[in-house]
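>>> coordinates only, sequence not included:
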């Protein structure tokens, strides 16, 4: 069933309210500078080493991106977005996982693990809400926001989820 303009507007209003609450509760707008990192163009520089010791590469075949290790022959599942193919591989057991502190985004270098976990939870909520707001505004034709802005939010969100995965993994090793 096609959503009506009214229901989309209602959902947008609720998301704007949620964003306002998040901004007020966590002062999230001051945490939106994620570093000088462009997740759409620079993720290709952050492919983790393979468990075999090899240096995997990003490859493309029939409009899908893959991670391929020339040493052991591992090939990841394909994805339409290069950054998603890389981050999915980086989360996989075939990849050697770095510390969350080594990530080029979210300025986590000197943040203790539990504070980093809490910060990423806030950032993830913010990114999810802003991505959904941007998408609804485009659907309602209320904005001229281009698709690259939405893609950028999605890429930061994917990095946030990856960082949360690393933190969760590291907390398990501490216990």
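Thanks, I have it. None of these values were measured; they are calculated from a predicted model.
>>> next secondary structure after the helix or strand containing residue 128?
According to DSSP states H and E, residue 128 maps onto helix 113-139. Next along the chain after helix 113-139, taking DSSP H and E as the criterion, comes helix 147-174.
>>> and that next one, how far from the chain's centre?
Relative to its chain's centre, helix 147-174 lies at 4 Å (CA atoms, centre = their mean, to the nearest Å).
>>> okay, now the domains of the protein?
Taking automatic domain parsing as the reference, the chain has its domains at 1-48+99-175, 49-96.
>>> ok, residue 91 - contacts?
With contact set as CB atoms under 8 Å, 6 or more residues apart in numbering, residue 91 has these partners: 97, 162, 165. No exception for glycine: its C-beta is placed from N, CA and C like everyone else's.
>>> the last one: what's it in contact with?
Think residue 165. residue 91.
>>> quick check: pLDDT value at it.
Predicted confidence (pLDDT) for residue 165: 97.
>>> center of this protein - which residue?
Closest to where the C-alpha atoms of the chain average out (CA atoms, centre = their mean) is residue 158, at 1.8 Å.
>>> so that one makes contact with residue 85?
No: in this structure residue 158 lies outside contact range of residue 85 using CB atoms under 8 Å: 10.5 Å.
>>> quick one on the thing from earlier: by mean pLDDT, show me the worst of the domains of the chain.
Of all these, domain 1-48+99-175 has the smallest average pLDDT, which comes to a mean of 87.
>>> just how off-centre is that one within its chain?
Distance, centroid of domain 1-48+99-175 to centroid of chain: 7 Å (CA atoms, centre = their mean).
>>> one more: stretch 94-108?
Once both centres are worked out by CA atoms, centre = their mean, stretch 94-108 turns out to sit 12 Å from its chain's centre.
>>> equivalent analysis for stretch 46-56, please.
Counting by CA atoms, centre = their mean, stretch 46-56 is centred 20 Å from the centre of its parent chain.
>>> distance across that stretch, terminal residue to terminal residue?
Start-to-end span of stretch 46-56 (CA to CA, to the nearest Å) is 10 Å.
>>> next one: stretch 68-88
End-to-end distance (CA to CA), stretch 68-88: 13 Å.
>>> for the contacts of residue 91, give me JSON lines that also has distance to residue 67.
Formatted as JSON lines, these follow (distance: CB to CB, whole Å):
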{"residue": "97", "distance to residue 67": "14"}
{"residue": "162", "distance to residue 67": "14"}
{"residue": "165", "distance to residue 67": "16"}
